[in-house]
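[1] Quick one: sequence plus predicted model below, questions after.
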Amino acid sequence: MKTEIAHSFLNSHSYPEYRKIVSDLLAAGQSSGNEQTEELLHYSKLNEVRMNRLDKTIHVDENVIRKIQALKKEYIWLTLTEGWCGDAAQIVPVLFKIASVSDKITLKLVFRDENEALMNLFLTNGSKSVPKVIVLDAKTHDVKATWGPRPEGATHLIKSYKAQYGVVDETAKTELQMWYLNDKGLSIQNELADLMEHLEHLIYQKL
């Protein structure tokens, strides 16, 4: 695992770098990832608009700021993502905003298809679902926790829809995007802040 993580660091990007790569690909009529289809390009264009909006509108909750700024150890949020992924478009800008309020968190973004070996270590029910946040100790690069690919409320929505209709179709995807819109990034913030708070509690219990 250390080898895959070390290799992914060489391919990692800051949030501004990630945004530029995806934007440049779109300008060339391409989406990120190995597969190139009109459908993925369409989703990528929608996601560009979503991320631009979120960059302007997302604010980190005061309670979340308090928890994040109370962190004592340093962490890396190594995050697998792709530009065509609707969940990633809603989540990655929030990750950036959270990391921006603390000097203890560094966000590193890696493209899923360029880091298949790493992705295969962090599957969700056997699926290469993104985004996937791998929480690492910044000094040792040991894996301390993972989060993703969706907050609990969004996961429940999709599970319920699939149980009722048997598929995740365009209606389900629209309902999911509406869920994110109404939630305003708060579930993502709270879940990650609670995860980090719990992680530090466990670490200092052992000391």
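    Done, it's in. Residues are numbered from 1 along each chain as shown.
[2] Can you report how many residues neighbour the closest residue to residue 23 other than its chain neighbours?
    Setting aside the residues directly before and after it, residue 23 is nearest to residue 48 in space (C-beta to C-beta, 6 or more residues apart in numbering), at 6.6 Å. Just so you know, the C-beta spots here come from the backbone N, C-alpha and C atoms, and that holds for glycine as well. Using other C-beta atoms under 10 Å, residue 48 has 16 neighbouring residues.
[3] Please, where are all the strands along this protein?
    For the chain, strands defined by DSSP state E occupy the ranges 75-81, 105-111, 132-137, 143-147.
[4] picking that back up, you'd agree the residue nearest to residue 23 is up against residue 24?
    No. With contact defined as C-beta atoms under 8 Å, residue 48 does not reach residue 24; the gap is 11.2 Å.
[5] middle-most residue in this structure, spatially?
    By C-alpha atoms, centre = their mean, the chain has its centre lying nearest to residue 131, at 3.9 Å.
[6] Which residues are in contact with residue 133?
    Listed by C-beta atoms under 8 Å, 6 or more residues apart in numbering, the contact set of residue 133 reads 77-79, 95, 146-148, 192.
[7] Show me the shaky parts of this structure.
    204, 206-207 (pLDDT under 70).
[8] thinking again about what came up before, give me whichever of the strands of the chain is most buried.
    strand 75-81 (a mean of 24; mean count of other C-beta atoms under 10 Å).
[9] Now tell me what touches stretch 27-34 from outside.
    21-22, 25, 36-37, 40-41, 43-44, 82-84, 111-113.
[10] So which of those are in helices?
    Judged by DSSP state H, the subset of the contacts of stretch 27-34 located in helices is 21-22, 25, 40-41, 43-44.
[11] So what's the residue count around residue 97?
    With other C-beta under 10 Å as criterion, residue 97 counts 20.
[12] That one touches residue 60, doesn't it?
    Yes. Residue 97 is in contact with residue 60 according to C-beta under 8 Å; the separation is 5.3 Å.
[13] what's near enough to touch residue 91?
    With C-beta under 8 Å, 6+ apart, residue 91 has these contacts: 131, 148, 150-151, 188.
[14] for those, which one is nearest residue 162?
    residue 150 (12.9 Å; C-beta to C-beta).
[15] how much space is there between that closest one and residue 87?
    6 Å (C-beta to C-beta, to the nearest Å).
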